[in-house]
Structures are given as C-alpha cells and as structure tokens.
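# What would the 3D arrangement of this be:
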Amino acid sequence: MLSQYRHLATDKILAFSLAGLCFLLASLPFDFMIFDLRGQFQAMSIPLSISTLVDQEYMLLAVLQILAIYVVPGCILLGLCYLAVFIRAEQYPPRGAWVKKLIFTLLPWSMAEIFFIGALISLVKMQSIADIELGMSFYAYLLFTLCLVTVLLYLDEFQLTRQLRLLGENRWQSARRIPPCRHKTVQRTWALLAASVILYIPANLFPIMTTMLLGKEDPNTILGGVVTLWRGGSYPIAVIIFVASLLIPIAKLIVLAWLNYSIQRNSPGLRTWRTRLYRITDFIGRWSMIDVFVVAILVSLVQLGNTMAVYPGPAAMAFSGVVLLTMLAANSFDARLIWNHQQDDR
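Numbers count the residues shown, from 1 in each chain. Below is the predicted model:
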C-alpha cells in the first residue's frame, strides 16, 4: 500500500492536531503520578522528571526525553495545523514544501506513545511495593497520545504532497531525486552499526538503574530487570522489556548488517523480501526506548532519600546511544539500492 485516500482527512488532521496540542500543554502543569510508600509521598510531573535527570547529571538523557516526548511531537502537530489551515482555505502555504519535509523527517523521532507505554510499565512495576495515584497530567498525556496516533492514521504523504502541488501550481519546487551513491551509503551505515555494537556491550554489562532501599544499593542490568520481573510474576511486562530491550536491538543490528552486506555485494535476489524486512526493522527500532523511559520515570518518581530511591545507571546512556545510532543507521541506509544493484557509484 503506497497511498490511501481518506474522506475529510485534512479536516480530521486539523481537528485532532489542535486537540492534541491542547492536551500536550495541559499535561505540563499537573502531577503525572504520585508515589506513596507508607505515608511518604513523592509527586512526579513531566517538568520535574526532566529536572531530576539534570540534577542526577544525566543532561543528555533529559534532553533526549524532552525532545522525544514534547518538542518533536509538538512540532509535528504545529506543522500539520499550519498546512491544514492553508489547504482548507485553498491557498498554498508559504514554505509549504519545506514544512512538509520537516514533518516527515521528524516523524521517526516522535516517541510519545512509547513514553506512555513506559509509564504504564513503571506503574505495574511499582504497584507491588507502593501505592501509585495517577494525576491530571497522566490523563492529559493519554488524550494527547490518542490524538497524535489518530492524526498519523489520517496522514498520507502522497495525498498531502498532491494537495500542495495542486495549490502551488508553478510555485511547487520538488526535490530532485539524486541517485544513491552506494559506496558512501554503505560506509556510513557500517560506521553507525559498528558504533552501535560497541555501545551495546556496556549497555548490557553495566546497571541501567540502581535501587536504594534503606541505605542498601541494588543495581540492575537490563537482563537482570527482566529476570526480576519474571520471578515476580509480571510475565507480560518481562516479555515486553525482553523483546524491546534485548531482542529488537540485536535483531535490528543483524538485519541492517545483512542488508548492508547484500548491497555491498550487489546481490540481486530477494528484493521485495529485503525491502519489507527493512521497513519492519525501521518501524520497530524506536520501541527499544521503552526501557530508557521506564528508568527516567522511576528516577523521577522514587526519590525518598535513604528510605527508597532510584538512580539511573551508566547503561541508560549507552543503551540510548544504541537505539539512536541504529535509527540513524536505518535512516542512512538507502532502500533504493536494493533495486538499483547494477548502478555504479558515479
């Protein structure tokens, strides 16, 4: 399926984008979760989550979180509102082609739904040891996530491009499709994959978070956390973390390495199958960020001094690097080379 026409898609995109922006703003000033351990309370809001990571000297993790769950999704919805308003008025939006390109460039880096799933996993993990109350921000962010998913359901790049072309007429400037340079693409993808493999080692050897209970530290690696959840009877959560944090990164590294090798060897076979495999790999890769968001939420939620506290471990940054580098590797890989196997590098 390359394109699908949906009735009143522009109106629905505009309506749900405006609603999503309202819910996104509403999720900022209120509490997201409230942690209650035997009368000791700790309220967590999303801005507090960011500041807590900064206080723990994990600035890059804080920046990554605020970009992935607020800035990027917000920019996507703002850009779609801008285009939809002009399209409904049957006017070509100034810099419309650039705005459309920016929206689809940012789409893979929007992780609002992943963050919300991570929040649900954190809720399940902490319910066995404390009482968790959901705040207004939690429900606002839930509605924002639903609006964002609905917008993406009605968003079709081909249909949007067609509408802009019809409105722009001679003003539309389409980017020239530059033939891919196999040599440079292969080298860049290999470099990103190599860096991902290097970071994947400390991401699994070092603790991703450390829990302090009554002054006693209990570091947990990614695999150790999965084992703990499984032994505690949280089988669905253990399976989700295992698939997202261990199975998907390894599978993505292997698949991208094989696809890149097939391009390097000019392999002509299995083109359709390789293209589908690449699209699946590119889509599921960002879901590995669930474990990182779980750590960020727990660090912000559980800060009760020596009684109980959660701190991020060095593996959190290493694993974030693995996810980001594999996403960059997937973006740098040019799927057109699967079909242009006889094209030289000139």
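
# doesn't Trp273 make contact with Ser262?
No - in this structure Ser262 lies outside contact range of Trp273 using Cβ atoms under 8 Å: 10.9 Å. (Glycine included, C-beta is placed from N, CA and C.)

# more neighbours, these two?
Ser262 (18 against 10; other Cβ atoms under 10 Å).

# Pull the contacting residues for the residue nearest the centre of the chain.
For the chain, the residue nearest the mean C-alpha position is Met111 (3.3 Å; Cα atoms, centre = their mean). Met111 makes contacts with 68-69, 72, 286, 289, 293, as judged by Cβ atoms under 8 Å, 6 or more residues apart in numbering.

# and it, how far is that from Leu247?
To Leu247, Met111 is 19 Å away according to Cβ to Cβ, to the nearest Å.

# low-confidence ranges in the stretch 51-200 of the chain?
The model of the stretch 51-200 of the chain has pLDDT under 70 over residues 169-183.

# what do you get if the cut-off is 90, keeping everything else the same?
Along the stretch 51-200 of the chain, segments meeting pLDDT under 90 span 51-65, 89-92, 94-97, 108, 117-135, 157-189.

# which residues in the stretch 151-300 of the chain form helices?
Ranges of helices within the stretch 151-300 of the chain are 157-168, 182-205, 222-231, 235-242, 248-264, 271-284, 290-301, based on DSSP state H, counting those that start in this stretch.

# Among those helices, which comes closest to Phe115?
Set against Phe115 and scored by Cβ to Cβ, the helices of the stretch 151-300 of the chain come closest in helix 290-301, at 4.8 Å.

# Check which residues of that closest one are buried.
Neighbour counts over helix 290-301 (16 or more other Cβ atoms under 10 Å) mark 290-301 as buried.

# same question, stretch 32-50
Neighbour counts over stretch 32-50 (16+ other Cβ under 10 Å) mark 32-35, 42-50 as buried.

# and those residues as CSV, adding pLDDT and secondary structure?
As requested, the buried residues of stretch 32-50 are exported to CSV (pLDDT from 0 to 100; DSSP: H, G, I helix; E, B strand; the rest coil):
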residue, pLDDT, secondary structure
Phe32, 87, coil
Met33, 84, strand
Ile34, 82, strand
Phe35, 76, strand
Gln42, 74, strand
Ala43, 78, strand
Met44, 79, strand
Ser45, 84, coil
Ile46, 84, helix
Pro47, 85, helix
Leu48, 81, helix
Ser49, 82, helix
Ile50, 85, helix
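
# Among those residues, which one sits closest to Leu164?
Ile46 (34.1 Å).

# mind listing what the nearest residue to the closest one once chain neighbours are set aside touches?
Ranked by Cβ to Cβ, 6 or more residues apart in numbering and with sequence neighbours excluded, the top spatial neighbour of Ile46 is Phe32, at 5.7 Å. Shown in contact with Phe32 (Cβ under 8 Å, 6+ apart): 44-46, 49, 119, 134-135, 137-138, 141.

# The same query, at a cut-off of 6 Å, please.
Residues near Phe32 by Cβ atoms under 6 Å, 6 or more residues apart in numbering: 44-46, 135, 137-138.
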